[in-house]
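Colleague: Sequence first, then the predicted structure, then my questions.
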Amino acid sequence: MGSNNAPMSKDSLDIGIRYIKGVGEAREKLMIKLGIHTLRDLVGYFPRAYEDRTVIKNIGSLIIGESVCVRAMVADTPRLSHIRKGLDLVKLRAVDEHGSLEITFFNQPFVKDALKQGETYIFYGKVSGSLLRPEMSNPVFEKDRGTTQDNPRHLTDPTYTGRIIPIYPLTAGLSQKMLMNAVRSGLDKCADELPDVLPDSIVTQYKLCRARYAYANIHFPADMKELDIARRRLIFEELFVLVTAMKLLREKRVDKTGRSLAIPDFDIFYAVFPFEPTGAQKRAITEASQDMASGRPMNRLIQGDVGSGKTLIAAACCWMTWRSGSQSAFMAPTEILAKQHYNSLSALLEPLGMRVGLLTGSMTVKGKRETYERLSLGEIDLIVGTHALISESVSFNDLALVITDEQHRFGVNQRSLLTEKGDSPHVLVMSATPIPRTLALIIYGDLDVSIVDEMPPGRQVIQTHIVTENHRKRVYGFIRKLVGEGRQVYVICPMVEEEDTLESDARQGDGTLKSVKDYHEILSKEVFPDLRVELVHGKMPSKKKDAAMSAFANGEADILVATTVVEVGVDVPNAALIIIENADRFGLSQLHQLRGRVGRGEFESHCILFQTEGKTDEPSPCLSTGQMNRPPVLLTTASERLNVMKSTNDGFKIAEEDLRLRGPGDFFGSRQHGLPEMHIANFATDMFVLNQAQNAAENLLREDPELSSPGNKKLLEQIERLFEINADKMN
């Protein structure tokens, strides 16, 4: 992969793609839609899959339905037929010593002159017809150049058969061929400039190839072995840079000095409760209290499934802070959640003598002013509120602990604005989104992680049922039965209006998707006109949405028809049934979060998953990049995915399965989760390489904590680039 270009400047990889051969202004606009802005982006835009076109078969051994290369001679002059307006056909017959192949090209009239009678070509396409009369439609073709072991095709030869072909994610107007040629030109231009960010010692120790080889063979591998070698290097590099960056973040925090609070006797705290805390709760409280006494600012994530008792852990930390004479702040993402946390924390802490306050945007001016004054005078020990806590008017007497609920609902900047109101206060983040532990340690960067993996006694096990449309009447009867017993019901729909598009595989437009607005109208006017049916979705004004949620929480509505806006939020102990329409359109982790809206009280609770009729996931015909170096895995059907929900209520098991099935991108969706986008590594399948990368990073930072040695210069530059690109994600 040589280059005849003059040496490039230091920042040559950052030149715009418009200047790459074969791109230009029009294609640049299309590539920018794919996130490709620079030459660096272009060569780092890795294929999502590959087609193996190395196998060349004779016509007699073709199998109907397979995609394969055939070497054959054009036996007669191609015939062009104008069937009707908008439909031209070119037909020809190709032969070898084993048989004959009928080939048809649709709307490609140029083929008539491109293919010459008596010349031999390699055709690649899907075999149709019958064994006695095999056919191909619109195959890729190239003149046969007699590729042999003695005459291999060069990596950057512009050929499309007889080799492994990369398959890239595309956008409308951009073809595989266009992108492939652009990548080829890009690699030729920067062959000698690709940075080897891994130190030589690590490349040697882990038997990795060099960057130049890796980039050439990830795009244009000569064979599967070379592709595996390239993938291993690039996966290791991506994970190594990430974990090294995270460890540097952590070390910077460890170097800071913070408040050292005295660890109290928590038996006094536990004694006021009518139940014994679980071992997981006590363990998390011990870990957090040790952080708060260490003299360094705590930065800890408390991660536990819905109903695992994280509020008790937060309360214990607030109590410890109060015992040391300081204040705590608890920030929730919505007003209704803030009020619920205020009620539960008041019930836990006021009997111990603590003064708990509430601050939300809807409070009167007078109420806010009084709260500001009491906070600044130290007359409130714990303030619970929404983002109103970060307004300029709020000042504390002595803020020593900041707690945020559901990290992904707050930007890093919002958390920083709250912590800036104290002198290096301790930070506790609570998340009810189960994430596999190894992944959590990476994602949350400089946060230490406590996993709360036990449920308090008495927590209801939710009965999960998978049904189809023919169960609809029985489900409506079950709703009426439960409401008659005084219970409440959630009904979840995948979209707000009929014309809305859906994320991921929900963009099918098959007519069976439930729109929350239409469905609310049907339920409230036709099915349950005698019941109180409320509506909530993300496009509603905040006040209207909060009013509907509050009405349901206060028992003033029997049924709440909603989108996933209720996924994390309202605690309604009286809700005993959640119905999720088009359940196969949601990820498993999201379904689990939704299911967690019920089972919060003393009543037996149920989750009914409506499966879209006939919904299945078809396995990809290509070899996915996630399958290299391991046995091919076919995608599961929707039914198999939903059966995971039926088989377990353990959010961490569900998260592991969800991550395995969908990969980290879809697993997290569009939430801010602190994780830079992975271009080639997959946290679900590359755990072994991740462990290697973590060990390598630890050893390197032990020898060179600042990465100041000349051999680590390129690594440090790459880490700085990572921080710059992901400034809004990484802590």
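Modeller: Structure's in. What do you need? Residues are numbered from 1 along each chain as shown.
Colleague: low-scoring stretches of the stretch 1-150 of the chain, by residue?
Modeller: 1-11, 146-150 (pLDDT under 70).
Colleague: Do a quick rundown of the helices in it.
Modeller: Assigned by DSSP state H, counting those that start in this stretch, the stretch 1-150 of the chain shows helices spanning 24-33, 39-43, 111-114.
Colleague: Looking at those, which one is packed in the most?
Modeller: Most buried of the helices of the stretch 1-150 of the chain, by mean neighbour count (mean count of other Cβ atoms under 10 Å): helix 39-43, with a mean of 22. C-beta coordinates here come from the backbone N, C-alpha and C atoms, glycine included.
Colleague: Tell me which residues are up against it.
Modeller: Identification of contacts with helix 39-43 by Cβ atoms under 8 Å, 6 or more residues apart in numbering yields 12-17, 20, 31, 35-36, 182-183, 186-187, 189-190, 194, 215, 219.
Colleague: Just after the lowest-mean-pLDDT helix or strand in the chain, pick out the following helix or strand.
Modeller: Of all helical and strand segments in the chain, the minimum by mean pLDDT, DSSP states H and E falls on strand 623-624, at a mean of 44. Where DSSP states H and E defines the elements, the next helix or strand beyond strand 623-624 is helix 638-647.
Colleague: And that following helix, what's buried?
Modeller: Residues 638, 641-642, 644-645 are the ones in helix 638-647 that count as buried (16 or more other Cβ atoms under 10 Å).
Colleague: Would you map out the domains in the chain?
Modeller: 1-48+175-196, 51-165, 237-255+686-725, 266-452, 463-615+636-648 (automatic domain parsing).
Colleague: of these, which approaches L227 most closely?
Modeller: L227 lies closest to domain 51-165 among the domains of the chain, at 6.6 Å (Cβ to Cβ).
Colleague: So for the closest one, first residue to last residue, what's the gap.
Modeller: Terminal residues of domain 51-165 are spaced 5 Å apart (Cα to Cα, to the nearest Å).
Colleague: those strands in the stretch 301-450 of the chain, which residues are they?
Modeller: For the stretch 301-450 of the chain, applying DSSP state E, counting those that start in this stretch gives strands covering 327-331, 356-359, 382-385, 399-405, 426-431, 448-452.
Colleague: Could you single out the most deeply buried of those?
Modeller: strand 327-331 (a mean of 28).
Colleague: tilt between that one and strand 399-405?
Modeller: With axes from the mean of the first three to the mean of the last three Cα atoms, to 10 degrees defining the directions, strand 327-331 sits at 20 degrees from strand 399-405.
Colleague: For strand 327-331, enumerate its sheet partners and note whether each is parallel or antiparallel.
Modeller: Paired strands of strand 327-331, with direction, are strand 382-385 (parallel), strand 399-405 (parallel) (DSSP bridges).
Colleague: Residues contacting that strand, please?
Modeller: 314, 317-318, 321-322, 338, 341, 345, 375, 378, 380-387, 389-390, 396-405, 410, 414-415, 418, 421.
Colleague: hmm, 7 Å instead?
Modeller: Residues from elsewhere that reach strand 327-331 (Cβ atoms under 7 Å, 6 or more residues apart in numbering): 314, 318, 321, 341, 345, 378, 380-387, 389, 396-404, 418.
Colleague: which residues of the stretch 251-400 of the chain score low on pLDDT?
Modeller: In the stretch 251-400 of the chain (pLDDT under 70), the answer is 253-255.
Colleague: which stretches of the stretch 1-150 of the chain form strands?
Modeller: Using DSSP E, counting those that start in this stretch, strands in the stretch 1-150 of the chain cover 49-52, 56-57, 67-74, 79-84, 87-96, 99-106, 120-129, 134-137, 140-143.
Colleague: mind checking how far the shortest one is from the chain centre?
Modeller: Meaning strand 56-57. On the basis of Cα atoms, centre = their mean, to the nearest Å, strand 56-57 sits 40 Å off its chain's mean C-alpha point.
Colleague: do the same with the first one
Modeller: Centroid separation for strand 49-52 versus its chain: 24 Å, with Cα atoms, centre = their mean.
Colleague: Quick check, L359 in contact with L382.
Modeller: No. If you go by Cβ atoms under 7 Å, L359 and L382 don't touch, sitting 11.1 Å apart.
Colleague: hang on, the earlier thing: mind putting the strands paired with strand 327-331 into CSV with distance to G65?
Modeller: Supplementary listing: the strands paired with strand 327-331 in CSV, determined by distance: least, Cβ to Cβ, whole Å:
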stretch, distance to G65
strand 382-385, 62
strand 399-405, 53
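Colleague: Out of the ones you listed, which gets nearest to I103?
Modeller: strand 399-405 (62.9 Å).
Colleague: outside of that closest one, which residues touch it?
Modeller: Contacts of strand 399-405 (Cβ under 7 Å, 6+ apart): 259, 261, 314, 317-318, 321, 324, 326-333, 337, 341, 410, 415, 418-419, 421-422, 425-430.
Colleague: sorry, back to before: which stretch among the strands of the stretch 301-450 of the chain comes nearest R133?
Modeller: Here strand 426-431 is closest among the strands of the stretch 301-450 of the chain (Cβ to Cβ), at 60.9 Å.
Colleague: Tell me which residues of stretch 481-497 come out buried.
Modeller: 482-483, 487-496.
Colleague: between these, which is closest to S289?
Modeller: Nearest member of the buried residues of stretch 481-497 to S289, counting by Cβ to Cβ, is Y490, at 37.0 Å.
Colleague: could you pull out the helices for the stretch 351-500 of the chain?
Modeller: Along the stretch 351-500 of the chain, counting by DSSP H, counting those that start in this stretch, helices occupy 365-377, 412-419, 437-443, 472-484.
Colleague: Out of those helices, which is the most enclosed?
Modeller: helix 437-443 (a mean of 19).
Colleague: pull the longest helix from the chain.
Modeller: Counting by DSSP state H, the longest helix found in the chain is helix 224-255.
Colleague: Run the angle between that one and strand 448-452 for me.
Modeller: Using the same axes, to 10 degrees: helix 224-255 against strand 448-452 is 100 degrees.
Colleague: Can you show me the CA trace of the helix or strand just after helix 224-255 as CSV?
Modeller: Following helix 224-255 in sequence order, the next helix or strand is helix 266-271 (DSSP H and E). Taking C-alpha atoms only, helix 266-271 is exported to CSV below (Å, rounded to 0.1, in the frame of the first residue of the first chain):
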residue,chain,number,x,y,z
PHE,A,266,-24.2,2.8,61.3
ASP,A,267,-25.9,0.4,63.7
ILE,A,268,-27.6,3.5,65.2
PHE,A,269,-28.8,4.4,61.6
TYR,A,270,-30.0,0.8,60.9
ALA,A,271,-31.8,0.6,64.2
